[in-house]
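# predicted coordinates and the sequence they were generated for:
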Amino acid sequence: MPMILDDEQLRARTWFEALRDRICAEFEAIEREAGSDAAFTYTPWQRTDPTGADGGGGVRGLIKGRVFEKAGVNVSTVGGHFAPEFARTIHGAADDPRFFATGISLVAHMANPHVPAVHMNCRFLATTKRWFGGGADLNPPIPQQGDTSDFHAAFRTACEDHPGVSDYPRFKQWADDYFYIPHRKVHRGVGGIFFDHLEGGFDATFPFVQAVGEAFLHIFPDIVRRRMGQPWDDADRARMLAFRGRYAEFNLVYDRGTLFGLKTGGDVDAILMSLPPVATWS
């Protein structure tokens with residue numbers, strides 16, 4: 001039985017799906033520029049809610065190419081009931097476990113160690129409250145100050161264009177605090193922005209979330225194109241694989257999105273697509 005969405009839920013889902021299509025088209029264009037015919041494969045999945053409520057589902061998109069060693073772009077729209085213990089940890093769900101969630105989640109691991117990996121997600125959740133969350137962060141195995149500065153500038157502009165809704169210094173610090181690996185005492189990457197429980201009315205907050213998606217679509221392909229032809233050697237590759245090990249540790253131990261997906265009966269392959277194709281621990 002298909003899920004019945006209200007106007008806000010439908011608008012959010014429709015835009016996330018359109019953003020997915022535009023990002024995937026841009027990634028495929030980059031592959032063609034590199035002389036590759038790699039393209040996304042799309043795998044639909046359905047969620048079965050054990051409570052019998054609406055389950056929903058999504059589409060898992062995956063590309064493995066010359067530039068993008070492994071990139072996943074997923075959109076999901078799910079609903080149902082949280083388990084009681086988990087509901088107490090979710091904004092607005094402690095007294096009523098019903099929920100709705102729709103969003104886009106993206107992780108790209110690159111073949112060239114000089115091209116940074118990246119993560120981006122935007123999501124809309126409804127419990128007894130309604131809010132957006134999301135952000136983006138850059139994860140270079142070999143950091144370049146110009147890439148870091150340009151990435152942060154893009155999201156600073158997105159925030160500053162929506163005063164009263166966003167707060168760039170706060171969202172930047174939130175990313176620095178969140179994307180940190182305590183047991184290694186290192187950050188996962190060079191940061192970006194992170195926000196959650198962004199309330200204040202759909203029509204006020206949704207344009208900012210759209211600006212976050214547009215900022216990603218503008219800046220990350222630009223960084224990829226400037227770095228994808230840069231020469232690299234075995235030492236660079238070894239550095240990247242060790243970095244990926246740290247990335248995997250964060251996603252499996254600390255990442256809230258991984259936990260949320262597993263706790264709500266999401267598609268396991270879609271949830272774990274964030275893991276790199278190859279990593280090393282020494």
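Received it, and whenever you're ready, just let me know what you need. Computed from a predicted model, the values in this text were never measured in an experiment.

# what's downstream of the strand or helix carrying Phe27, the next helix or strand?
For Phe27, the host element (DSSP states H and E) is helix 7-33. Scanning forward in sequence from helix 7-33 by DSSP H and E, the next helix or strand is strand 41-46.

# and Leu5, what does it touch?
Counting by CB atoms under 8 Å, 6 or more residues apart in numbering, Leu5 touches Arg13, Thr77, Phe100. Every residue, glycine included, has its C-beta placed from N, CA and C.

# SS state for the last one?
Here Phe100 is recorded as strand under DSSP: H, G, I helix; E, B strand; the rest coil.

# would you confirm that it contacts Gly79?
Yes: assessed by CB atoms under 8 Å, Phe100 is found in contact with Gly79 at 4.3 Å.

# test my guess that Val75 contacts Gly56.
No: using CB under 8 Å, Val75 makes no contact with Gly56, being 11.0 Å away.

# tell me, how many neighbours does Ala279 end up with?
When neighbours are defined as other CB atoms under 10 Å, Ala279 has 17 of them.

# what pLDDT is listed against it?
What the model reports as pLDDT for Ala279 is 97.

# that one contacts Ala248, correct?
Yes: when contacts are counted by CB under 8 Å, Ala279 is listed as touching Ala248 (5.4 Å).

# quick check: neighbours shared by these two?
Residues touching both Ala279 and Ala248 (CB under 8 Å, 6+ apart): none.

# helices of this protein, residue ranges please.
For the chain, the helices defined by DSSP state H cover 7-33, 84-87, 145-160, 168-178, 202-227, 234-253, 256-263, 268-271.

# pLDDT (mean, whole number) over the longest one?
I take that to be helix 7-33. For helix 7-33, mean pLDDT is 97.

# I'd like the helices of the chain as TSV, with mean neighbour count and distance to Lys70 appended.
Formatted as TSV, those follow (neighbours: other CB atoms under 10 Å; distance: least, CB to CB, whole Å):
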stretch	mean neighbour count	distance to Lys70
helix 7-33	17	11
helix 84-87	13	29
helix 145-160	18	20
helix 168-178	17	23
helix 202-227	19	14
helix 234-253	17	10
helix 256-263	16	17
helix 268-271	17	12
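
# wait, Glu160 sits on Tyr168?
Yes: at 6.2 Å, Glu160 and Tyr168 qualify as touching, with contact defined as CB under 8 Å.

# where does pLDDT dip in this structure?
Residues of the chain meeting the criterion pLDDT under 70: 1-2, 48-54.

# wait, which of the contacts of Leu5 is closest to Thr148?
Using CB to CB, Arg13 comes nearest to Thr148 of these, at 32.4 Å.

# what's near enough to touch that closest one?
Leu5, Val75, Thr77, Thr102, Phe124.

# of the residues you listed, buried ones?
Among the contacts of Arg13, those classed as buried by 16 or more other CB atoms under 10 Å are Leu5, Val75, Thr77, Thr102, Phe124.

# biggest separation within the residues you listed, which pair?
It's Leu5 and Val75 that sit farthest apart of the buried ones among the contacts of Arg13, by CB to CB, at 13.7 Å.

# mind listing what Pro143 touches?
By CB under 8 Å, 6+ apart, the residues touching Pro143 are Pro116, Val190.

# now Leu62
Phe40, Thr41, Thr43, Lys70, Ala71, Gly72, Met273.

# swap in 10 Å and give it another go.
24, 40-43, 68, 70-74, 269-270, 273 (CB atoms under 10 Å, 6 or more residues apart in numbering).

# then Asn121?
16, 74, 103-107, 133-137, 194, 212-213, 216, 257, 274.
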